[in-house]
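One predicted model, sequence on top.
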Number of protein chains: 2
Amino acid sequence: MREVAIIGIGQTPVAESWEKSLREIAGEALFATLADAGRHTADGLFVGNMLSGLLIRQENLGALIADWVGMREAEAFKVEAACGSGAAAFRVALMAVASGEMDCAIALGVEKMTETRGSETTAALATAADADYEAAMGVSFVALNALIMQRYLHEYGWKHTDFAPFSINAHANAVHNPFARLREPISEQDYTQARMVADPINLLDASPIGDGAAAAVLVPVESLTGNGRARQWITIAGSASATDSLAVHDRSDPLWLAAAEKSARKAYSQAGVEPNDIDVFELHDAFSIMAALSLEACGFAERGQGPRLGLESKITPNGSIPIATRGGLKARGHPVGATGMYQIVEVVQQLRGAAGLTQVEDARIGMAQNIGGSGATILTHILKLAL
Amino acid sequence: MREVAIIGIGQTPVAESWEKSLREIAGEALFATLADAGRHTADGLFVGNMLSGLLIRQENLGALIADWVGMREAEAFKVEAACGSGAAAFRVALMAVASGEMDCAIALGVEKMTETRGSETTAALATAADADYEAAMGVSFVALNALIMQRYLHEYGWKHTDFAPFSINAHANAVHNPFARLREPISEQDYTQARMVADPINLLDASPIGDGAAAAVLVPVESLTGNGRARQWITIAGSASATDSLAVHDRSDPLWLAAAEKSARKAYSQAGVEPNDIDVFELHDAFSIMAALSLEACGFAERGQGPRLGLESKITPNGSIPIATRGGLKARGHPVGATGMYQIVEVVQQLRGAAGLTQVEDARIGMAQNIGGSGATILTHILKLAL
């Protein structure tokens, strides 16, 4: 198996981009990515996307986008794992290069979701849950997360306000990220007074949807060495995923992200690191409760103690485990099928020392975790700076 | 890169299965496949599917199906390339095993499409075409193929009846396949008198949709050798795909499947074979015109001469290039995202000598070609019998 490096990244601002079609947004991110990599094309394109069929009635995105950006003839497929689609496309691109089937592959996440009415988008997002046993009962995605958070508060004795630091940190960091959707800081008072969505989840616990695309170029490390190139690169040191039951009610413990634990442990082992070694962690804070559960499952906090990391200021860019350093899903925004690739792009920015005012000092090992469904599909990637 | 073998196959009958849900159909095929392979689980599951979001409002099929069949925790994603989704999932499963990321992967194609009204299904299938420049103009998928066939008749001087052998051969073979949807032979008169769908495509030029699932288990060849196992296995000797413009009007020659030619040439080269060496060819006869175009692009007929192979009886099981030996899309049926995996299963049946009355004598090298969109995404696989 060949070791794989990331040699280029690119993204579009997460926004309501009514003036641009999905292929235009994808193209913008791809051209930026190819320019950053110093390449003109690639052997393959793996497109992470969840909702194009339902929201813009377009499938076959692989061929659509390859054609649009002048990569006609290249291999191109869509990879879907609900909100984990971006990281799933990245993992498949890694396999394509590691196997030798391709010498250069692009992983792209793209989503176009602001043109439809809110009710339609909410119904489309519910297809990430179990259609027969959850969605058919009328439960939406935010409602599922509200049930989980309610139970968490009950079980471990936290108050809703104890989750404020997750949202405050995300918004504070997004202020400095030109690609973020919500670039305004929020206070604890803003958080506690925000409009309720599904008790106990209020507007500032939840991430905003958006249109956006982010991408990375993957090549074998062997193609970078021995030719006098001095430039730094980023290796994919750990890549793993796992599934859990799709329906939350089927889990023995709905407050434990078993697939996060399993994929993180595997990624740690592959990379030869421990949680302590992770300098920056872009996690899947679609809802503030998910930030807590992810930190616990990945070994950064004891079970039921995730909120403590926020209250003790350990999650800020100069804390011991910085998260959402570019705004996270909460404030950078959550264009669902693209999110996993935004996370990869942001970790690469940190490892390159290109994260501006929210730069984590001496970041050399970064982790990204992307979740599809309420914990049903979880992918964990560990990236390392190589010289 | 590790050489990869297929050690198990399974399928469900293509049918209107109103009494079974998508996960039940998928489970039926998976259990048959695992039993055939003598395994209980796998490291990963790649699900080829096109329409679950649009037709049954269920995404995240990877986690859904892994959970349903008792493979909770395994990696699982959906791979989509319109009607080429099945072969795309197979190609990704190959990369997963070849790269060493997995020691056992399952590729599954599944589609559930007979519960919705015909008009809804037709609209959903149109998402395989260009939503902005084709579907938005009201052109359906059969209409696109009708334009291509009309042009082909004009350009090369064939009559509609010259395509009859493709449909007659497919139906004759399906009679002997218990998994086929249409198990009735048809005559030339049936063909010429069939009801018109979109001139010149009539009902017997077109393949029927259906519900169905088919799957295969992939492992590295190195895991099969050196331990005294005597059983035959099938290797994946060639695997390639390519894209063309999504919109048919963007092609310099709409009568040439450039992506079929490119992917077939690559697969021939990988497998070290020529068209003459192919003993059986499961091609993508969604419409009879596609059978002709595929035969030409893959080097079995001169440009514009595809129908000649049918008229000269070369496409039957005892002809020089047997196609649709188990019924093809035309008569086995076309559950779109599953079709590519049915083709793989059928080629394996032929190489195992398990194709019953439509067995191709001494079949040792087989090819499958799966198409997404009107030629936009084309995957070609060559399988070989190893001892």
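In hand now; what should we look at? Numbers count the residues shown, from 1 in each chain, chains lettered A, B, ... in the order given.

By proximity to chain B, which residue of the stretch 251-387 of chain A wins?
Using CB to the nearest CB, the closest approach of the stretch 251-387 of chain A to chain B is made by A:Ala376 at 3.8 Å. For the C-beta atoms, the positions are set from N, CA and C on the backbone; glycine is no exception.

you'd agree that residue is up against A:Asp244?
Yes: taking contacts as CB atoms under 8 Å, A:Ala376 lies within contact range of A:Asp244: 5.5 Å.

who's more crowded, the two?
Per other CB atoms under 10 Å in any protein chain shown, whichever of A:Ala376 and A:Asp244 has more neighbours is A:Ala376, with 33 against 27.

Give the buried residues for stretch A:97-116.
Across stretch A:97-116, burial judged by 16 or more other CB atoms under 10 Å in any protein chain shown covers A:97-99, A:101-114, A:116.

one step back: which neighbours do A:Ala376 and A:Asp244 share?
Residues touching both A:Ala376 and A:Asp244 (CB atoms under 8 Å, 6 or more residues apart in numbering or on different chains) are A:Ala259, B:Ala63, B:Asp67.

out of the residues you listed, who's nearest B:Ile344?
Nearest to B:Ile344 out of the shared contacts of A:Ala376 and A:Asp244 is B:Ala63 (CB to CB; 23.5 Å).

who touches the nearest residue to A:Ile378 once chain neighbours are set aside in this structure?
In space, and not counting its chain neighbours, A:Ile378 is closest to A:Ala259: 3.9 Å by CB to CB, 6 or more residues apart in numbering or on different chains. Listed by CB under 8 Å, 6+ apart, the contact set of A:Ala259 reads A:Ser241, A:Ala242, A:Thr243, A:Asp244, A:Gly375, A:Ala376, A:Thr377, A:Ile378, B:Glu73.

make it 7 Å
A:Ala259 sits next to A:Ala242, A:Thr243, A:Asp244, A:Gly375, A:Thr377, A:Ile378 when contact means CB atoms under 7 Å, 6 or more residues apart in numbering or on different chains.

May I have the phi/psi pair for the fourth one?
It stands for A:Gly375. Backbone torsions of A:Gly375, given as degrees, to the nearest 10, read phi 100, psi 10.

isn't A:Gly375 right up against A:Asp244?
Yes: counting by CB atoms under 7 Å, A:Asp244 is a contact partner of A:Gly375 at 5.4 Å.

low-confidence ranges in chain A?
A:226-231, A:387 (pLDDT under 70).

please redo it, this time with the cut-off set to 50
Residue ranges of chain A with pLDDT under 50: A:230.

And the helices in it, which stretches?
A:22-37, A:52-56, A:61-68, A:85-98, A:118-125, A:141-156, A:164-174, A:188-193, A:258-271, A:288-297, A:306-311, A:328-331, A:339-352 (DSSP state H).

Which of these sits closest to A:Ser320?
Nearest to A:Ser320 among the helices of chain A is helix A:306-311; the distance by CB to CB comes to 8.3 Å.

in the closest one, what's buried?
Neighbour-count burial for helix A:306-311 flags A:Gly306, A:Pro307, A:Arg308, A:Leu309, A:Gly310 (criterion: 16+ other CB under 10 Å).

separation between the last one and B:Asp36?
It stands for A:Gly310. 51 Å (CB to CB, to the nearest Å).

that older thread, nearest to B:Asp250, of the helices of chain A?
With CB to CB as the criterion, B:Asp250 lies closest to helix A:61-68 of those, at 7.2 Å.

Tell me the gap between that closest one and the middle of its chain.
Per CA atoms, centre = their mean, to the nearest Å, the displacement of helix A:61-68 from the mean C-alpha position of its chain is 23 Å.

Output it as CSV - backbone C-alpha positions only.
Taking Å, rounded to 0.1, in the frame of the first residue of the first chain, the C-alpha atoms of helix A:61-68 are listed here in CSV:
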residue,chain,number,x,y,z
LEU,A,61,-22.6,14.3,-10.4
GLY,A,62,-19.2,12.7,-11.1
ALA,A,63,-19.7,13.0,-14.9
LEU,A,64,-21.4,16.4,-14.6
ILE,A,65,-18.5,18.0,-12.7
ALA,A,66,-15.7,16.2,-14.5
ASP,A,67,-17.2,17.5,-17.7
TRP,A,68,-17.7,21.0,-16.4
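
How about it and chain B, touching?
Yes: contact of helix A:61-68 with chain B (CB under 7 Å from any CB of the partner chain) involves A:Gly62, A:Ala63, A:Leu64, A:Ala66, A:Asp67.

Report the angle between that helix and helix B:258-271.
Calculated by axes from the mean of the first three to the mean of the last three CA atoms, to 10 degrees, helix A:61-68 forms an angle of 110 degrees with helix B:258-271.

Find the residue closest to A:Ser245 in space, skipping its chain neighbours.
Nearest residue to A:Ser245 in three dimensions, chain neighbours excluded: B:Asp67, at 4.8 Å (CB to CB, 6+ apart).

Chain B contacts on the stretch 51-200 of chain A?
Taking CB under 7 Å from any CB as the contact definition, the stretch 51-200 of chain A meets chain B at A:53-54, A:56-60, A:62-64, A:66-67, A:72-82, A:88, A:92, A:95-96, A:98-101, A:127-128, A:130-132, A:135.
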